[in-house]
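Student: coords please:
(4 chains)
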There are 2 protein chains.
Amino acid sequence: MSRDYRLSRMLHVLIHMGQSEKACTSQEIAAMLNTNPVVVRRTLAGLRDQGYVMSEKGHGGGWRLTRPLDQITLLDVHRALGPGALFAIGPSRDSPDCLVERAVNASMADAFARAEAVLIKELSARTLADIVDGMPHVARRKTHHGSRGHTP
Amino acid sequence: MSRDYRLSRMLHVLIHMGQSEKACTSQEIAAMLNTNPVVVRRTLAGLRDQGYVMSEKGHGGGWRLTRPLDQITLLDVHRALGPGALFAIGPSRDSPDCLVERAVNASMADAFARAEAVLIKELSARTLADIVDGMPHVARRKTHHGSRGHTP
DNA sequence: TCCCACGCTACTTTGCAAGTTACATTTGCC
DNA sequence: GGCAAATGTAACTTGCAAAGTAGCGTGGGA
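Tutor: Residues are numbered from 1 along each chain as shown, chains lettered A, B, ... in the order given. Got it, this is the predicted structure:
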């Protein structure tokens, strides 16, 4: 079962944006993430619509953060990416009228809801600035990406 | 992103086995889950290998529980299904040398680990018998499945 | 002996998000 | 004004892991 790497990727990208003076183009971000510029635009569109980034067309255009890193939580980003499932495991719907299936799904839903509550709490308690603060000192000023772009 | 319904399905099936006097065939279980008998055998093989069910060939053969429902937890079943991901979201590996990516993944890993710990705790604290106890009284004795098999 | 039933391999199909192509539109630079 | 940089978005293709399926082997009870 393939995984959803969008959250990790966007957190990565947003921190780089927060540390850059100029706008980042979709092409540059695509190179950073080993993907296609169109995929970058699709993903960032959600963050733009929720107000965390803004985009500009034309020369010198690209993407910029709209607020400081300490005002964006991991939960903010997760939610801006849209209603994707948190858990890979879900309730089956083979026999909706079956009382056993209902009871099983109810018990699972309760267990998963508790775990989700913890995850939501954890994600909302961390900002992008916290992630930067957790990095080695030298890295805060100059991340791995030099003038020659992201290391493949 | 498709979901993994095996846990829910197996919990469903195991409870029915626990309430049945006779063995359940792969064909019967497949009908219950709207799937193919081969898929049922594949999935139950893991539970058999871990000792929760046993299988018998030939007339009157099929699958049976090896222990009472109150001695099987949701975690037991989950683990018997093999190393599948709990979360749909994962760490990206676009730039393994990038310090930002590492910091992002470390922060996410910590948050997800806390949620996973809660889920593991919840799943290990519930048995299949607890699920049955949570059902309406009449349903405990005679679940929806009558002599004519599972309702589609 | 026959048929029930599991065991398992090998191959095909499916679902769906990413990948890709293509084109429209905006915008700053020269 | 022309050109190139850059986003926006539709439409189509691709990749891939798990389910679906066909087929055959083997054990075992009637």
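Student: Can you list the buried residues in the top helix by length along chain A?
Tutor: The longest helix of chain A (DSSP state H) is helix A:99-124. Buried residues in helix A:99-124, counted by 16 or more other Cβ atoms under 10 Å in any protein chain shown: A:99-105, A:107-108, A:111-112, A:115-116, A:118-120, A:122-123. Where C-beta positions appear, they are placed from N, C-alpha and C, glycine not excepted.
Student: Pick out the residue of chain A closest to DNA strand C.
Tutor: Ranked by Cβ to the nearest atom of the strand, the top residue of chain A for proximity to DNA strand C is A:G58, at 2.5 Å.
Student: Find me the pLDDT at that residue, would you?
Tutor: Per-residue confidence (pLDDT) for A:G58: 92.
Student: all helices of chain A, in order?
Tutor: Ranges of helices in chain A, per DSSP H, are A:6-18, A:26-33, A:37-49, A:74-80, A:99-124, A:128-133, A:137-141.
Student: In CSV, list those helices along with distance to DNA strand C.
Tutor: Formatted as CSV, the helices of chain A follow (distance: least, Cβ to the nearest atom of the strand, whole Å):
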stretch, distance to DNA strand C
helix A:6-18, 5
helix A:26-33, 8
helix A:37-49, 4
helix A:74-80, 14
helix A:99-124, 18
helix A:128-133, 20
helix A:137-141, 26
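Student: Minimum distance to B:M17: which of these has it?
Tutor: Nearest to B:M17 among the helices of chain A is helix A:99-124 (10.7 Å), distances taken as Cβ to Cβ.
Student: what residues are up against A:D70?
Tutor: A:D70 is in contact with A:T127, A:L128, A:A129, A:D130, counting by Cβ atoms under 8 Å, 6 or more residues apart in numbering or on different chains.
Student: Can you tell me which residues in chain A are near DNA strand D?
Tutor: Contacts of chain A with DNA strand D, taken as Cβ under 7 Å from any atom of the strand, map to A:1-2, A:23-27, A:37-38, A:41-42, A:44-45, A:48, A:55-63.
Student: Buried only: go through the residues you listed for me.
Tutor: Applying 16+ other Cβ under 10 Å to those flags A:A23, A:C24, A:T25, A:S26, A:L44, A:R48, A:S55, A:G62, A:W63 as buried.
Student: Max pairwise distance over those residues: which two?
Tutor: Within those, two members stand farthest from each other by Cβ to Cβ: A:T25 and A:R48, at 14.3 Å.
Student: How confident was the prediction at the nearest residue to A:P136 once chain neighbours are set aside?
Tutor: Closest residue to A:P136 apart from its sequence neighbours, by Cβ to Cβ, 6 or more residues apart in numbering or on different chains: B:L99 at 6.9 Å. B:L99 is assigned 93 on the pLDDT scale.
Student: Kindly report the same for A:A139.
Tutor: On pLDDT, A:A139 comes in at 65.
Student: before we move on, what about A:E28?
Tutor: Taking A:E28 on its own, its pLDDT is 95.
Student: burial count for it?
Tutor: 21 (other Cβ atoms under 10 Å in any protein chain shown).
Student: what about it, distance to A:H16?
Tutor: Here the distance between A:E28 and A:H16 works out to 9 Å (Cβ to Cβ, to the nearest Å).
Student: And for A:L75?
Tutor: Distance from A:L75 to A:H16, by Cβ to Cβ: 20 Å.
Student: Which one of those two is surrounded by more residues?
Tutor: A:H16 (21 against 18).
Student: Could you check the pLDDT of the more buried one?
Tutor: For A:H16, the predicted pLDDT is 95.
Student: you'd agree it is up against A:C24?
Tutor: Yes: using Cβ atoms under 8 Å, A:H16 is in contact with A:C24, at 6.9 Å.
Student: any low-confidence regions in chain A?
Tutor: Under the criterion pLDDT under 70, the flagged ranges of chain A are A:1, A:139-152.
Student: A:T43 - how many residues pack around it?
Tutor: Counted with other Cβ under 10 Å, A:T43 comes out at 22.
Student: And for the one 4 residues further on?
Tutor: Summarising burial for A:L47: neighbours were counted as other Cβ under 10 Å, giving 23.
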